[in-house]
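> coordinates only, no sequence provided:
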């Protein structure tokens, strides 16, 4: 079982819609959870972090964490073509960051 | 502009060459990391330095040799690489290794071994 699992996509949504990205992790001892955005050929960029159960909102982004289900998600409201990228879920476990394979999101104008 | 600077951005090297990748950060972070990323794959952890001491070496072949001259600099020395080592090499830093800190990545070095 992979430590961090994501649906690889591609996920395609129309401009203005809500994009929903999901991630599950295997280690219940995981402490912190992050979402990174990676444009093609570029490096990952941290966009959200979440440490407690529930929702955390930042602008158009909302991260959701459910530790009992070992599930973390990212919602992008009012999706824009510029949001088209690969979104990496990352889990901090034993002080080291482990990444999922990423979900490729395409927002169509 | 990224606050973690990596040089060079692109590198083509032969299998007998010796080269070095460099990484620099001035955010006062005390943990620095090397990751390797192949196309359409997640970044894979190679090395972790915490307070300039090597903390993790994820069974990386000895043809990769990390060095941390001071708290702001991180190098990756390359020698006798194989074509399958071609990848994007990412440097990252965080405030500390212990604690809930996200990582800041550099723009990466795209390495091609011929």
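Now that the structure is in, tell me what you want to look at. Values in this document were obtained by computation on a predicted structure and should not be read as measured data.
> hmm, the top strand by length along chain A in reach of chain B?
For chain A, the strand that runs over the most residues, judged by DSSP state E, is strand A:85-93. Yes. Against chain B, strand A:85-93 shows contacts by Cβ under 8 Å from any Cβ of the partner chain at A:88, A:92. Placement of C-beta: from N, CA and C, glycine included.
> next SSE downstream of that strand?
strand A:96-99 (DSSP states H and E).
> how many residues are close by the residue in chain A that chain B sits nearest to?
Closest residue of chain A to chain B, Cβ to the nearest Cβ: residue A:99 (3.7 Å). Counted with other Cβ atoms under 10 Å in any protein chain shown, residues neighbouring residue A:99 total 23.
> partners of the helix or strand bottoming out on mean pLDDT in chain B in the sheet?
Here the helix or strand of chain B ranked lowest by mean pLDDT, DSSP states H and E is strand B:53-57, holding a mean of 83. Its sheet considered, strand B:53-57 pairs with strand B:44-50 (antiparallel) by DSSP bridges.
> list of residues touching the partner strand?
A:96-98, B:30-37, B:54-58, B:60, B:64, B:66, B:68, B:74, B:76, B:96-98 (Cβ atoms under 8 Å, 6 or more residues apart in numbering or on different chains).
> let's see it at 7 Å
For strand B:44-50, the external contacting residues (Cβ atoms under 7 Å, 6 or more residues apart in numbering or on different chains) are A:96, B:30-37, B:54-58, B:60, B:64, B:66, B:68, B:74, B:97.
> in strands, which of the residues you listed fall?
Using DSSP E, the contacts of strand B:44-50 in strands are A:96, B:31-37, B:54-57, B:64, B:66, B:68, B:74.
> could I get the phi/psi values of residue A:83?
Backbone torsions of residue A:83, given as degrees, to the nearest 10, read phi -80, psi -10.
> interface residues of chain A facing chain B?
A:31-32, A:34, A:42-44, A:46, A:49, A:51, A:88, A:92, A:95-97, A:99-102 (Cβ under 7 Å from any Cβ of the partner chain).
> burial count for residue B:47?
23.
> interface residues of chain B facing chain A?
So chain B meets chain A at B:41-43, B:45, B:48, B:56, B:90, B:97-98, B:100, B:102-108 (Cβ under 7 Å from any Cβ).
> give me the subset of those lying in strands.
Using DSSP E, the residues of chain B next to chain A in strands are B:45, B:48, B:56, B:90, B:104-105.
> which residues does residue A:32 bridge with?
residue A:92.
> relative to residue A:19, how far out is it?
23 Å (Cβ to Cβ, to the nearest Å).
> just residue B:110 next, same as before
Taking Cβ to Cβ as the measure, residue B:110 falls 28 Å from residue A:19.
> ok, now which ones touch residue A:16?
Per Cβ under 7 Å, 6+ apart, neighbours of residue A:16: A:78-79.
> for chain A, give me its nearest residue in chain B.
Closest point on chain B to chain A, by Cβ to the nearest Cβ, is residue B:42, at 3.7 Å.
> hmm, back to that, OK, contacts around the residue of chain A closest to chain B?
A:4, A:88, A:90, B:42-43.
> that concludes my questions; thank you for your assistance.
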